[in-house]
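Visitor: Quick one, what's the 3D model for this:
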Amino acid sequence: ERLLESQPLTGNIGIGHTRWATHGRPSEVNAHPHKAGPVIVVHNGIIENYLALKEMLIGRGHHFSSETDTEVISHLVEEKYKSNPDFEQAVRDALRELRGAYAVCILCERAPDVLIAAKLGSPMVVGLGSGEFFVASDIPAILSHTREMVFMEDGELAVFRDGAAAFSTIAGETLLKKPRHIDWSPLMAEKGGYKHFMLKEIFEQPRAIRDTLAGRLLEEEGDVCLNAL
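Guide: Numbers count the residues shown, from 1 in each chain. Predicted coordinates:
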């Protein structure tokens, strides 16, 4: 925060993230965003096959500077971008190789007016403002900026370009996403729309059990179980 006060940023697109350190110690080198060549990434979730991908990418000449699983995403997109200088397609190709859970926002220095967001397993919401867009993990983060929200589903991707948002599946199938108006107060948003936190916790129990079992199955049997779920 002090650095931003002394060196303000300018531009039309930006990403930032405060993330619990799931891989590597909490440190500046492990902090997001992560960059590989022209590709910059922030990520919420856990990439289960990051070690195998990292080994493959090191074998192709990539050099890593952090201990995070997220840095693998930036290098993987860069690797795809080398052979296909279509930023959007490079992101799609890279995402198809990831196993685990992610909500990602990705930028490319060579496509400075494009932001790509995608989701699998981790939460993601898109806010529609007046001539602007917001991407976050949950409603409260952007409720002060807009009340028109698009909820991303697993396997979906959003491309923000030229003042517009285009939604599709990661495979490339176009989607028509309808925004939902959120009339909750900030406190209600934290409660997920439920009257009490206890109700929220009760109704979240099935999802909590599914997420727990999914993590255990992935650990034991890999991505075959993810498909089964």
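Visitor: would you list every one of the helices in this protein?
Guide: Ranges of helices within the chain are 2-6, 50-59, 70-83, 87-95, 186-190, 197-221, 223-228, based on DSSP state H.
Visitor: Please identify the most buried of those.
Guide: helix 70-83 (a mean of 23; mean count of other CB atoms under 10 Å). (Glycine included, C-beta is placed from N, CA and C.)
Visitor: which strands and helices sit next to it?
Guide: Helix 70-83 is packed against strand 34-36, strand 39-47, helix 50-59, helix 87-95, strand 100-108, with contacts defined by 3 or more CB pairs under 8 Å, 6 or more residues apart in numbering; DSSP states H and E.
Visitor: Contacts for that helix next, please.
Guide: If you take CB atoms under 8 Å, 6 or more residues apart in numbering as the criterion, helix 70-83 is touched by 19, 23, 32, 34-43, 47, 50, 53-54, 57, 60, 62, 64-65, 87, 89-91, 93-94, 97-98, 102, 104, 106, 108.
Visitor: change it to 7 Å
Guide: With contact meaning CB atoms under 7 Å, 6 or more residues apart in numbering, helix 70-83 is reached by 32, 34-37, 39-41, 43, 47, 50, 53-54, 57, 60, 62, 64, 87, 90-91, 93-94, 97-98, 104, 106.
Visitor: angle of that helix against helix 87-95?
Guide: 130 degrees (axes from the mean of the first three to the mean of the last three CA atoms, to 10 degrees).
Visitor: So what's the model's average confidence on helix 70-83?
Guide: The pLDDT scores in helix 70-83 average 96.
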